[in-house]
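Visitor: next comes the sequence, and after it the predicted model I'd like to discuss.
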Amino acid sequence: MRRTKIIVTLGPATDSPGMMKKLFDSGMDAVRLNYSHQTHDDHERRVREVRELSIAEHRAVGIIADLQGPKIRIQRFNTGSVELNEGDTFVIDTDLSQGGGDVHHVGVSYKNLPRDVNVGDTLLLDDGRISLLVKEVGDHEITCSVTTGGKLSDRKGINLRGGGLSAAALTKKDLKDLKHALRIGADFIALSFIRRASDIHEARELIKAEGSNAGIIAKIERAEALDDIEAIIDATDIVMIARGDLGVEIGDASLPPVQKRLIKMARDMDRATITATQMMESMISQPIPTRAEVFDVANAVLDGTDAVMLSGETSIGRHPHKVLQSMANICAETEKQRDTRVSDHRINQRFESIGEAIAMSTMYAANHIGARAIAALTETGSTCVWMSRISSGIPIFAFTRHESTRRKVTLYRGVYPVKFDITHTDPLEANKGVIDLLMKSNIVTEGDIVIITKGDLRGKRGKTNNMKIIRVGEAIEHIL
């Protein structure tokens with residue numbers, strides 16, 4: 001069973017007839033709605049199709065609503081694009097009309113940009129393809145010298161090397177999109193361009209105010225977010241290493257060690273991680289990945305990421321399901337390496353709750369007794385998060401009555417959701433019911449060892465306090 005989860009970004013390419021079914025068949029674990037593109041109606045229609053297929057296929061699939069955030073873009077040119085040459089003078093003008101750009105100047109969507117830059121700063125446009133050195137800053141004009149030229153077209157993004165742009169994490173558009181995403185049942189809200197933990201706390205309150213318990217994904221794509229990274233990880237549910245804008249701001253050469261550090265930090269703090277951006281980029285048009293892309297995906301798996309994400313490869317690519325199949329094969333092959341199954345996670349640290357102690361004890365026992373499967377009877381999925389921080393080849397099954405919990409655990413490495421309502425089951429029969437389900441699914445057979453965790457108080461959150469080791473096929477009185 002593939003342990004690393006795969007997120008598929010939906011878009012025009014996934015709308016073709018029968019494509020969503022192919023994605024289900026190819027092992028898609030979660031989908032991403034990119035609120036930077038498409039309409040609310042488009043997102044709602046796609047969610048409806050995913051939910052209908054989930055029911056038909058008896059498979060939980062998580063839904064991520066990715067908010068646009070304060071992405072700063074230049075405005076439009078009167079000719080659609082211009083060619084900038086090294087040494088040219090080029091002006092970013094906040095007062096210029098939307099379509100008034102030319103080879104000398106262009107407008108910008110963020111009116112406070114002159115307040116955030118200083119003489120000597122470097123502005124990077126179009127994912128760093130164009131580089132401008134700031135020479136002079138006025139009330140509404142930023143006069144620059146082109147240090148790296150090229151073709152520049154409408155609506156390309158702007159980054160400040162080293163970070164420092166002060167735009168708020170949630171824009172007016174984001175607030176509208178957030179309400180829409182929660183209304184259509186998003187399981188996770190991804191926050192773009194966050195700078196500090198307070199951005200996450202603000203979003204958490206807004207989500208609660210809407211009566212939702214959607215999880216939060218903190219997208220790390222601003223340099224200054226790294227300065228508050230421990231607090232950000234502590235405040236969020238999942239960390240996404242969004243390597244596009246982050247690479248522009250800190251430099252691509254700095255990305256690999258940052259990726260490894262963030263994944264390790266998040267795992268140490270019991271948070272899940274997503275590695276994203278250009279993982280299989282060439283497959284937008286090509287039928288097979290480059291070897292560099294194969295290594296990129298494999299290295300993310302070896303780093304311990306919970307999930308890898310496909311963006312344009314599936315949303316606008318020629319063959320979304322083939323990209324998914326290729327990525328799944330890379331993940332599965334990499335997971336055969338011993339390094340993905342050993343862990344010293346929190347071996348010298350104190351546990352903060354009984355549930356966490358049970359989770360850690362379960363994984364230790366499972367790894368040393370040769371368990372075939374772990375079954376966690378859970379309300380919120382917290383026990384499964386803790387368990388999945390331990391590198392292991394043993395599958396963890398989240399037995400839960402809550403559909404929202406089943407969808408959330410789809411992003412946790414090595415965790416698989418199972419529909420199971422313990423509140424209507426005699427406590428003494430619960431263990432037998434779990435074993436019966438695992439046997440019917442051909443996951444375990446007679447003689448296999450299964451470890452079950454649950455709480456004495458059925459249906460209560462955060463009350464896991466019980467671990468039981470069972471050998472399949474024992475007499476019923478030994479299982480109860």
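Guide: Good, I have the coordinates.
Visitor: contacts and neighbour counts: CA atoms only from here.
Guide: Fine.
Visitor: how far away from the center of its chain is the longest helix anywhere in the chain?
Guide: Identified as the longest helix of the chain according to DSSP state H is helix 40-57. Relative to the centre of its chain, helix 40-57 is centred 19 Å away, using Cα atoms, centre = their mean, to the nearest Å.
Visitor: what's the first helix or strand after that helix?
Guide: Per DSSP states H and E, the first helix or strand lying C-terminal to helix 40-57 is strand 62-66.
Visitor: what residues does that following strand touch?
Guide: Under the contact criterion Cα atoms under 8 Å, 6 or more residues apart in numbering, strand 62-66 has outside partners 29-36, 47, 178, 181, 185-192, 407-408, 410-411.
Visitor: quick check: mean pLDDT of it?
Guide: What strand 62-66 shows for mean pLDDT is 98.
Visitor: in its sheet, what does that strand sit against?
Guide: Here strand 62-66 is paired, per DSSP bridges, with strand 30-34 (parallel), strand 188-191 (parallel).
Visitor: and of the ones you listed, who's closest to residue 135?
Guide: Closest approach to residue 135 among the strands paired with strand 62-66 is made by strand 188-191 (32.9 Å; Cα to Cα).
Visitor: which residues touch the closest one?
Guide: Among residues not part of strand 188-191, those counted as contacts by Cα under 8 Å, 6+ apart are 62-69, 169, 178, 181, 200, 214-219, 408.
Visitor: the most centrally placed residue in the chain bridge partners, please.
Guide: When Cα atoms, centre = their mean is applied to the chain, the residue found nearest the centroid is residue 274 (4.0 Å). Counting by DSSP bridges, residue 274 is bridged to residue 240, residue 307.
Visitor: now this structure, which segments are flagged as low pLDDT?
Guide: For the chain, the stretches with pLDDT under 70 are 340-351, 424-425, 427-428, 456-462, 475-480.
Visitor: report how many residues lie close to residue 52.
Guide: Using other Cα atoms under 10 Å, residue 52 has 12 neighbouring residues.
Visitor: typed the wrong thing, it's residue 362
Guide: So residue 362, with other Cα under 10 Å, has 23 neighbours.
Visitor: verify the contact between it and residue 467 for me.
Guide: Yes: taking Cα atoms under 8 Å as the definition, residue 362 is a contact partner of residue 467 at 7.0 Å.
Visitor: which residues are in contact with both of these two?
Guide: Taking Cα under 8 Å, 6+ apart as the contact rule, residue 362 and residue 467 both touch 451, 453.
Visitor: rewinding a little: let's have the strands paired with strand 62-66 in JSON lines, adding distance to residue 366 and mean neighbour count.
Guide: What follows is these, written out as JSON lines (distance: least, Cα to Cα, whole Å; neighbours: other Cα atoms under 10 Å):
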{"stretch": "strand 30-34", "distance to residue 366": "27", "mean neighbour count": "24"}
{"stretch": "strand 188-191", "distance to residue 366": "30", "mean neighbour count": "24"}
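Visitor: before we move on, the earlier item: doesn't residue 304 make contact with the residue nearest to the centre of the chain?
Guide: No: under the criterion of Cα under 8 Å, residue 274 makes no contact with residue 304, lying 9.8 Å away.
Visitor: tell me where the stretch 251-400 of the chain has helices.
Guide: Per DSSP state H, counting those that start in this stretch, the stretch 251-400 of the chain carries helices over the ranges 255-268, 291-303, 312-315, 320-334, 354-369, 382-388.
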